[in-house]
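Structure of the sequence below:
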Amino acid sequence: MSISRRGLLKGMAASGAVAATLSAGYTQAATTSKASSNKKLKKPNLVIIFPDEFRAQALGFMQQDPSMTPNIDKFARQSAVLRQAVSNFPLCTPFRGMLMTGQYPYRNGIQGNSHTGVEGQFGGKDFGIELKKSTLTWSDVLKKQGYSMGYIGKWHLDAPQAPFIASYNNPAEGRYWNDWTAPDRRHGFDFWYAYGTYDKHMTPMYWTNNTTRDKPLRINQWSPEHEADIAIKYLRNENGQYRKQDQPFTLVVSMNPPHSPYDQVPQKYLDRFSGKTSQQLNTRPNVQWDKAYQEGYGPQYFKEYMAMVNGVDEQFGRIVDELDRLNLTEDTLVVFFSDHGCCMGSNGNPTKNVHYDEAMRIPMIFRWPGKLAPHQNDLLFSAPDIYPTMLGLMGMEDLIPDTVEGTNFANTLRGIDGDIKPTSQFYTFMPYGGQSYGRRGIRSQRYTLMIDRKIGKPLTYVLHDNQIDPYQMDNIAAANPMLIDKLITEELIPWLEHTGDPWRPTTVPAHSANAYL
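Numbering: from 1, shown residues only. Predicted coordinates:
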């Protein structure tokens, strides 16, 4: 990073100490003002809503996909919107690991999906890939601050254990995927209505506080709609049956759609795109229609993807409207984001886990009327920044652990100058058990660089100029070895050092065509 990079990284490694110090004046002033009138500072509520595979391009106000998101669009007009936010490892479990720990994947050990292999097939469990009980998550911090904590929906941070529960995806693709999460692994969440990972969206299953591992609830209702129903009940909290009425609360609603399988969507949302085919709707020039995709995946399902996005928007709107109806708006920070995007055929990729913008870029929207002025910002915000920024906005900067590698950008969201802005974002993919291999790269305001190391093969390089080539169709690496060297030296290596990642590139070959994809 070109702006005092080493100083920035040192600050990031110390839990965003620079940004926290800068924002301390805001918090201190607020505290002083309250203290002067002998009133106790009220802790804000927190509501997080994050669907799976919802790409930034699918936000209606971004005017890229022909999506229908009127509720999110309205919400964005009331909010701080970070237009360039990314998932650094755009895959379900790695993102969730970064969200919960504030650390990048090498440090937190969550370097792939949490699943368990069968009959010689490796799974994430074989490499310790799950959220550790000892990790201090942001939810642990809020629980210790007296919050009632609710979690609804997909968790996907624990590897299934034998004897495996009966589930359509146990096993699937040579791995077991779904399981409950034991109470001592829920990291402070005292209201639990969740599952590991399960993609039958029309007939979902859940474990609650009152269900045993062998008897999950099986529901005949589209999962986002059902989860919105439960979220609304939690917010209303009639007779105090969901949370303690005198405590501030946190509620996470983790919706699975618009995740595959894409045909798992109510007909009413498909009807809103009646008369249009997927090819008529999916007009990005980088979509490869003539490629053979795995059954159930690919751009031919774009209409179904748009229908799911519209359905998620409708259920999101129900939850936010209920907050407003209950007069909780000014007391509640609401955050909307996704764990990663979805390529839907862009550059020949069916879904995620690649460096392309359709996979990496995610919604990132913070609403808190009276505390955050509505605006849009091109801050290069990344997944590990969510943890410290939420605590910073909630006035808990001093509770951000030193283990957090993300940065507290609360001041930037408040419109206060002083935060050191990153000049790039880190991209990573690690094969199971091969942390010195795999893909590493950076995404700056202009360029995306990706370098791939495979066993016994030379490094390969991909470089995109995102200003000239916003659909990332041209690999200009071969013609730009000096630029690649500059990006490696000034951006990538500092990120590797900051995250403790042992992966290192070798010297960029100036004339070897074999080095470039």
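
Poorly predicted segments of the stretch 1-150 of the chain, please.
Regions of the stretch 1-150 of the chain meeting the criterion pLDDT under 70 cover residues 1-41.

could you measure residue 124 against residue 431, distance?
12 Å (Cβ to Cβ, to the nearest Å). Using the backbone N, CA and C atoms, a C-beta is placed for each residue, glycine as well.

what do you get for residue 363?
29 Å.

can you check residue 75 too?
In terms of Cβ to Cβ, residue 75 sits 38 Å off from residue 431.

of those two, who's got more company?
residue 75 (21 against 17; other Cβ atoms under 10 Å).

Check which helix or strand the residue nearest to residue 168 when sequence neighbours are not counted maps to.
In space, residue 168 comes closest to residue 200 once its chain neighbours are excluded; the distance is 6.1 Å by Cβ to Cβ, 6 or more residues apart in numbering. Here residue 200, judged by DSSP states H and E, is contained in no helix and no strand.

Residue 260 is in contact with residue 200, correct?
No: using Cβ atoms under 8 Å, residue 200 is not in contact with residue 260; the gap is 11.4 Å.

These two: which has the busier surroundings?
residue 260 (22 against 15).

quick one: pLDDT of the more buried one?
As predicted, residue 260 sits at a pLDDT of 96.

Name the helix or strand for it, please.
Per DSSP H and E: nothing holds residue 260, as it lies in no helix or strand.

Check residue 151 too.
Assigned by DSSP H and E, residue 151 belongs to strand 148-154.

Which parts of that strand count as buried, going by neighbours?
148, 149, 150, 151, 152, 153, 154 (16 or more other Cβ atoms under 10 Å).

chain center to it: distance?
For strand 148-154, the separation from the chain centroid amounts to 16 Å (computed by Cα atoms, centre = their mean, to the nearest Å).

for whichever helix or strand comes after it, packing partners?
Next helix or strand after strand 148-154 toward the C-terminus (DSSP H and E): strand 175-176. Secondary-structure packing of strand 175-176 (3 or more Cβ pairs under 8 Å, 6 or more residues apart in numbering; DSSP states H and E): strand 116-117.

same for the strand it packs on, what does it pack against?
With contacts taken as 3+ Cβ pairs under 8 Å, 6+ apart, strand 116-117 sits against strand 175-176.

Could you identify the longest helix within the chain?
If each helix of the chain is counted by residues according to DSSP state H, the longest one is helix 302-325.

by how many degrees do it and strand 148-154 diverge?
Here helix 302-325 runs at an angle of 160 degrees relative to strand 148-154 (axes from the mean of the first three to the mean of the last three Cα atoms, to 10 degrees).

And helix 302-325, how far out from the chain middle?
18 Å.

Ok, stretch 396-416 next?
17 Å.

Also stretch 422-440?
With Cα atoms, centre = their mean, you get 16 Å for stretch 422-440.

Please name the residues that touch residue 305.
The contact partners of residue 305, taken as Cβ atoms under 8 Å, 6 or more residues apart in numbering, are 58, 258, 262, 342, 344.

neighbours around the fourth one, how many?
Read it as residue 342. A count of nearby residues for residue 342, using other Cβ under 10 Å, gives 29.

any idea which helix or strand carries it?
Assigned by DSSP H and E, residue 342 falls within no helix or strand.

before we move on, the earlier item: just checking, what packs against the strand holding residue 151?
With 3+ Cβ pairs under 8 Å, 6+ apart as the test, strand 148-154 has helix 138-144, strand 191-195, helix 223-236, strand 249-254 packed against it.

hey, C-alpha coordinates of stretch 120-130 in PDB?
Output of stretch 120-130 as PDB, limited to C-alpha atoms (Å, rounded to 0.1, in the frame of the first residue of the first chain):
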ATOM      1  CA  GLY A 120     -10.800 -41.000   1.600                       C
ATOM      2  CA  GLN A 121     -12.200 -37.700   0.300                       C
ATOM      3  CA  PHE A 122     -10.700 -34.800   2.200                       C
ATOM      4  CA  GLY A 123     -12.900 -32.200   3.900                       C
ATOM      5  CA  GLY A 124     -12.300 -29.000   5.700                       C
ATOM      6  CA  LYS A 125     -12.500 -30.900   9.000                       C
ATOM      7  CA  ASP A 126      -9.200 -32.700   8.100                       C
ATOM      8  CA  PHE A 127      -7.500 -29.400   8.200                       C
ATOM      9  CA  GLY A 128      -9.200 -27.900  11.200                       C
ATOM     10  CA  ILE A 129     -11.400 -25.600   9.200                       C
ATOM     11  CA  GLU A 130     -14.100 -24.400  11.500                       C
END
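
all strands of the stretch 251-400 of the chain, in order?
332-337, 364-367, 375-377 (DSSP state E, counting those that start in this stretch).
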